[in-house]
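Undergrad: sequence first, then the predicted structure, then my questions.
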Amino acid sequence: RRAAAAGQYEENGRGRRVAAAAAEAGALDGPVSGVSPVPGPGGQRDLPGQGGRMKRFLIVPSLVLAVLLALCILNAAALNRRTNRWMDQADRIADLAEQERWDMAREAMDDLSADWESAQDFLHVVIHHETLDAAQVTLTRCRTLCRLRQGDDLLPELAQLRQQLQQLDELERLSLRNIL
């Protein structure tokens, strides 16, 4: 206690205060108030209220949560880029079909289908299969109608495909509704 009263403390590497050599040598009459009788790491005694162990305990879960949040944001951004590209391609196909430029519309439809197929591994990991299956069926109908040059039937199917692609994006968008 005399060492504590006299302010004979030294600072350890973690910023916690420990009693000076007098406390360890037993020169004090009893335990120093506020100093743990059990030595901490490195033989140093912990002061209560410093929270050193609690801080270390929270580092790993905090890092894991930060990594998961970053991955969610990256996933949403990647899906948003893809769905926007697919919706733009669907709009281009609709424009070409209205102009009855069927060869160019078919090429654009083949590009959209190929792009869709290349993303299936990614999509099956992050999107519900029922949602993907519905979009796949609509895309297949659009391809068939484009090959048959049936513009009156193709345009509503492309509008439905665009809506389904927008729903894919909304399912993974980082929003309060999706979090709750």
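TA: Looks like it arrived, so ask away. Numbering: from 1, shown residues only.

Undergrad: show me the strands in the protein, by range?
TA: With DSSP state E as the criterion, the chain has strands at 9-11, 17-19.

Undergrad: what's the mean pLDDT across the first one?
TA: Pointing back at strand 9-11 there. For strand 9-11, mean pLDDT is 46.

Undergrad: which secondary structure elements does the lengthiest helix in the chain contact?
TA: Ordering each helix of the chain by length in residues (DSSP state H) puts helix 52-98 first. Counting contacts by 3 or more Cβ pairs under 8 Å, 6 or more residues apart in numbering; DSSP states H and E, helix 52-98 packs against helix 102-118, helix 120-126, helix 129-147, helix 151-172. (C-beta placed from N, C-alpha, C; glycine too.)

Undergrad: which strands and helices lie in contact with the last one?
TA: Put plainly, it is helix 151-172. helix 52-98, helix 129-147.

Undergrad: same deal with the third one?
TA: Here helix 129-147 is seen to pack against helix 52-98, helix 102-118, helix 120-126, helix 151-172 when contacts are counted using 3+ Cβ pairs under 8 Å, 6+ apart.

Undergrad: same for the second one, what does it pack against?
TA: In this case it means helix 102-118. So helix 102-118, by 3+ Cβ pairs under 8 Å, 6+ apart, packs with helix 52-98, helix 129-147.

Undergrad: grab the nearest non-local neighbour of F122.
TA: A78 (7.5 Å; Cβ to Cβ, 6 or more residues apart in numbering).

Undergrad: run through this structure and note the low-pLDDT ranges.
TA: Scanning the chain for pLDDT under 70 picks out the ranges 1-52, 180.

Undergrad: swap in 80 and give it another go.
TA: Applying pLDDT under 80 to the chain flags residues 1-56, 174-180.

Undergrad: measure the residue positioned nearest the centre of it to L148 for me?
TA: Per Cα atoms, centre = their mean, the C-alpha nearest to the average position across the chain is that of C72, at 1.7 Å. For C72, the distance to L148 (Cβ to Cβ, to the nearest Å) stands at 42 Å.

Undergrad: same check on A90?
TA: According to Cβ to Cβ, A90 stands 18 Å off from L148.
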